[in-house]
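[1] From the sequence below, what's the structure:
(2 chains)
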Amino acid sequence: MTVMEQRDAYRPTPPPAWQPRTDPAPLLPDAEPFRVLGTDAAAKADARLLHQLYAEVVRGRRYNAQATALTKQGRLAVYPSSTGQEACEVAAALVLEERDWLFPSYRDTLAAVARGLDPVQALTLLRGDWHTGYDPREHRVAPLCTPLATQLPHAVGLAHAARLKGDDVVALAMVGDGGTSEGDFHEALNFAAVWQAPVVFLVQNNGFAISVPLDKQTAAPSLAHKAVGYGMPGRLVDGNDAAAVHEVLAEAVRHARGGGGPTLVEAITYRMEAHTNADDATRYRVDAEVDAWRDHDPILLLERELTDRGLLDEEGIRAVRDDAEKMAADLRERMNQDPVLDPMDLFRDVYAEQTTQLREQAAQLRAELDAEADGTDR
Amino acid sequence: MTTVAAKPATMAQAFGRALRDAMAADPSVHVLGEDVGTLGGVFRVTDGLAKEFGDARCTDTPLAEAGILGTAVGMAMYGLRPVVEMQFDAFAYPGFEQLISHVAKMRNRTRGAMPMPLTVRVPYGGGIGGVEHHSDSSEAYYMATPGLHVVTPATVADAYGLMRAAIASDDPVIVLEPKRLYWSKDSWNPEHPTDVEPIGRAVVRRTGSSATLITYGPSVPVCMEAAEAARAEGWDLEVVDLRSLVPFDDETVSASVRRTGRAVVVHESGGFGGPGGEIAARVTERCFHHLEAPVLRVAGFDIPYPPPMLERHHLPGVDRILDAVARLQWEAGS
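    Model prediction:
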């Protein structure tokens, strides 16, 4: 055998031609965001659902306004308003069954409230009296998450665990456009797709991550396009069209519950107010842009659809607004009561069983409090 | 009754046995991490678990530490008891946000409604000739995070006991596995695993009267060797193995130092901002009037972990420990 023959004999067989594992075409989002309101599809939409969405969106708008007012009165430390994004908030809450789980970000107080949480309890994080004012298991709403995108892998893990236990549970995780740049977004989507976990990721693309616009956030054709790389479907929806968001999320939830795995939904919406009450939005955007979105307001779209089809009249509108007003008045009244805090709570629930070190520190604080009460503190 | 001579198990096998027994005892215990399934872990700690319990209970995950910890948080939220592997100390860092912002805080931020019964296994420390990013001693980061328990065994029996205790705990526990002791053996009999040790207790490994060496994990055998060598100098050293860094066993440590009047803290991680500073401060606060000399530290240098051919100069060895003991001003107390 010649040297060349020897070399050929030892040459490994080349690998088979690489085949893409999934045809990406069905995973790709449509170029245009999906819409229902103002189209023929709206005629087929369930009138009761449209009415429910309308009532909740109006309540949500009023809630946002009330919470923002509470920041001006010093009752809330901060409030990241979801004004303009109510359609996403409400649809995310209404699309879930009772046994399902919602994983909200810090801006999604409204989704938590629409899911049934006490509006005051939902605000404790932002008021500052405690981090999470509710038992997450009671309404199956995870704590409002302040670090960006870190709640997404939690949703994947929970949905995965539920499936392992044989439970028919779906997790819906909410994140903003800025959050899609975080590593946890990538890891969560990748895990979800590999495990085929019953999760729905809802990206509310509201145009800005504080001040940074979307074109500085991503070079992708859309955020929904990111799904394809993970091997899951990406869907693009008009985030101000509550009926459309509901329909797309409902389809994604059905898909997940049926064992089809995760979906990434990008809802295109707009943050009508600043990032929080502490932010100055005039530094990074112009009024004309904000005004253009006013014509595409989620309340307006629903109201137009319902009245055009004779499903809503002046009286109906008034009833919905009155109901929202009552909710706001109740929220205002309850938020104006000073919360009673026990400083000794600081040492509770750090560990299941208090450590010696924490017992010593608790005793120190107890003594300081007693001295304060006796007027003997230095 | 016939006695079957049990084959001594290595520390790695004891860790594995603890995982196996915990999984057998409680179906909610799930092991996940990179390579933990088919391969059985790069150190073979999880060897056989996927075969025995299936890949739904011992799961090879994508290569992503934040994803591993983050999904484990969600699993714990749904009532499972995940045990995650970080493969190597320095590989855990991408997962720190999950660990610090969620694993450590979830019980507290939900006012007890959502405990995190999660065990994080971190093979740590040097002395195995690993290239960079494979030999860090990251215990100070974990110790500085309220809400975490941090344990590190030095014996095969403790490896089993502490791992079982960690998995049984309703709180997150970081189990720092001293890599260079993975192949160590002692009299521990895998046929009769020892009782589960409560987390938070230190143990006196060797009694003595001249001074106390306070140490943990991979430095425990080094200190034991130093104590033997010190006898030639006429020094009778006590060795305290902390086993648990959080919670810290002030009682055992202080009692020892009060007896001996002198103390040296020994660990591999850097001295500046390291565990030794905290330990020395605690000992001084509690034992000031009993101390015949300042509490000294023998630690790794304050440098990034060195390349393997130089690591022996960095790691605290017997000589460096004995030098410190000599600096405890023996004449002053005698």
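[2] Next up, the contacts around whichever residue of the stretch 151-300 of chain B sits closest to chain A.
    As assessed by CB to the nearest CB, chain A sits closest to B:Pro247 within the stretch 151-300 of chain B, at 3.8 Å. For glycine as for every other residue, the C-beta is placed from the backbone atoms N, C-alpha and C. By CB atoms under 8 Å, 6 or more residues apart in numbering or on different chains, the residues touching B:Pro247 are A:Thr355, A:Thr356, A:Gln357, B:His149, B:Ile199, B:Gly200.
[3] got it, and A:Asn64?
    A:Ser81, A:Ser82, A:Thr83, A:Glu86, A:Leu110, A:Glu273.
[4] got the phi/psi numbers for the second one?
    Main-chain dihedrals, A:Ser82, degrees, to the nearest 10: phi -110, psi 30.
[5] Show the contacting residues for it.
    For A:Ser82, the contacting residues are A:Gly60, A:Asn64, A:Cys88, A:Glu89, A:Arg107, A:Asp108, A:Thr109, A:Leu110, A:Arg271, by CB under 8 Å, 6+ apart.
[6] Highest neighbour count among the residues you listed?
    The residue in the contacts of A:Ser82 with the most neighbours, by other CB atoms under 10 Å in any protein chain shown, is A:Cys88 (35 neighbours).
[7] isn't that one right up against A:Thr269?
    Yes. Using CB atoms under 8 Å, A:Cys88 is in contact with A:Thr269, at 5.9 Å.
[8] Are we agreed that B:Pro82 is in a strand?
    Yes. Assessed by DSSP: H, G, I helix; E, B strand; the rest coil, B:Pro82 belongs to a strand.
[9] give me every residue that touches it.
    By CB under 8 Å, 6+ apart, the contact list for B:Pro82 reads A:Gly157, B:Val29, B:His30, B:Val31, B:Leu32, B:Ala72, B:Met75, B:Ala76, B:Leu118, B:Thr119.
[10] Give me the number of neighbouring residues for the fourth one.
    Here the neighbour count serves as a burial measure; for B:Val31 (other CB under 10 Å) it reads 26.
[11] and it, which of the three is it?
    B:Val31 ends up strand, using three-state DSSP.
[12] Surely it is in contact with B:Met23?
    Yes. Using CB under 8 Å as the test, B:Val31 is close enough to B:Met23 to be in contact (7.0 Å).
[13] overlap in contacts of those two?
    Counting by CB under 8 Å, 6+ apart, the common neighbours of B:Val31 and B:Met23 are B:Leu49, B:Arg57, B:Cys58.
[14] which residues sit in contact with residue 176?
    Just so you know, I chose chain A. Counting by CB under 8 Å, 6+ apart, A:Gly176 makes contact with A:Ser105, A:Arg107, A:Leu148, A:Val203, A:Gln204, A:Asn205, A:Asn206, A:Ala209.
[15] sorry, should have said chain B
    Contacts of B:Leu176 (CB under 8 Å, 6+ apart): B:Val122, B:Tyr124, B:Gly125, B:Glu139, B:Tyr142, B:Val150, B:Val151, B:Thr152, B:Gly217.
[16] now do B:Pro218
    B:Gly125, B:Gly126, B:Gly127, B:Ala154, B:Pro178, B:Lys179, B:Arg180, B:Leu181, B:Glu268.
[17] Need the max-distance pair from the residues you listed.
    Maximum pairwise distance among these (CB to CB): 15.3 Å, between B:Gly126 and B:Ala154.
[18] These two: which is more packed in?
    B:Ala154 (28 against 25).
[19] now the more buried one, what's its secondary structure?
    Quick answer, by three-state DSSP: B:Ala154 is coil.
[20] List phi and psi for it.
    Torsion angles, degrees, to the nearest 10, at B:Ala154: phi -120, psi -10.
[21] How about it: what's its closest non-neighbour residue?
    Nearest non-adjacent residue to B:Ala154, counting by CB to CB, 6 or more residues apart in numbering or on different chains: B:Val220, 3.4 Å away.
[22] got the residues of chain A near chain B?
    By CB under 8 Å from any CB of the partner chain, the residues of chain A that approach chain B are A:130-132, A:135-137, A:142-143, A:147, A:150, A:152-162, A:164-165, A:171, A:183-184, A:187-188, A:190-191, A:194, A:345, A:348-352, A:355-357.
[23] got the contact list for the residue nearest to B:Ala154?
    Counting by CB under 8 Å, 6+ apart, B:Val220 has contacts B:Ala154, B:Thr155, B:Arg205, B:Val239, B:Asp241.
[24] which SS class is it?
    helix.
[25] Type out the PyMOL command that picks the buried ones from the contacts of B:Leu176.
    PyMOL command restricting the contacts of B:Leu176 to the buried ones, with burial defined by 16 or more other CB atoms under 10 Å in any protein chain shown:
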select buried, chain B and resi 122+124+125+139+142+150+151+152+217
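[26] Over to stretch B:120-134 now: how far is its first residue from its last?
    17 Å (CA to CA, to the nearest Å).
[27] and that stretch, which residues are buried?
    So, applying 16+ other CB under 10 Å, buried residues of stretch B:120-134: B:Val120, B:Arg121, B:Val122, B:Pro123, B:Tyr124, B:Gly125, B:Gly126, B:Gly127, B:Ile128, B:Gly130, B:His134.
[28] Save those as TSV, and put in secondary structure, pLDDT and distance to chain A too.
    Output for the buried residues of stretch B:120-134, formatted as TSV (DSSP: H, G, I helix; E, B strand; the rest coil; pLDDT from 0 to 100; distance: CB to the nearest CB, whole Å):
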residue	secondary structure	pLDDT	distance to chain A
B:Val120	strand	98	14
B:Arg121	strand	98	17
B:Val122	strand	98	19
B:Pro123	strand	98	21
B:Tyr124	strand	98	22
B:Gly125	coil	97	25
B:Gly126	coil	97	28
B:Gly127	coil	95	30
B:Ile128	coil	95	28
B:Gly130	coil	94	25
B:His134	coil	95	22
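[29] any idea which of those residues is closest to B:Gly234?
    B:Gly127 (29.5 Å).
[30] how many neighbours does the residue nearest to the closest one when sequence neighbours are not counted have?
    Nearest residue to B:Gly127, sequence neighbours excluded (CB to CB, 6+ apart): B:Arg180, at 3.7 Å. Counted with other CB under 10 Å, residues neighbouring B:Arg180 total 21.
[31] and B:Arg180, what does it touch?
    Neighbours of B:Arg180 in contact, by CB under 8 Å, 6+ apart: B:Gly125, B:Gly126, B:Gly127, B:Ile128, B:Pro218.
[32] what is in contact with A:Cys88 and A:Thr269 at once?
    Counting by CB under 8 Å, 6+ apart, the shared contacts of A:Cys88 and A:Thr269 are A:Gln204, A:Gly239.
[33] From the contacts of B:Leu176, pick the one nearest B:Leu315.
    B:Gly125 (8.7 Å).
[34] what about A:Glu266, which helix or strand?
    strand A:263-268 (DSSP states H and E).
[35] Pull the residues that contact the following helix or strand past that strand.
    Scanning forward in sequence from strand A:263-268 by DSSP H and E, the next helix or strand is helix A:287-294. By CB under 8 Å, 6+ apart, the residues outside helix A:287-294 that reach it are A:Gly84, A:Asn240, A:Tyr270, A:Met272, A:Leu300.
[36] okay if I get these as JSON lines plus neighbour count?
    Listed next are those as JSON lines, based on neighbours: other CB atoms under 10 Å in any protein chain shown:
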{"residue": "A:Gly84", "neighbour count": "25"}
{"residue": "A:Asn240", "neighbour count": "28"}
{"residue": "A:Tyr270", "neighbour count": "23"}
{"residue": "A:Met272", "neighbour count": "20"}
{"residue": "A:Leu300", "neighbour count": "13"}
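[37] Could you find which two of the contacts of B:Arg180 are furthest from each other?
    Top of the distance list for those (CB to CB): B:Ile128 and B:Pro218, 9.8 Å.
[38] Need the residues touching each of those two.
    B:Lys179, B:Arg180.
[39] What strands flank the lengthiest strand in chain B, and is each parallel or antiparallel?
    Secondary structure of chain B per DSSP state E: the longest strand is strand B:263-270. The pairing partners recorded for strand B:263-270 under DSSP bridges are strand B:211-215 (parallel), strand B:296-300 (parallel).
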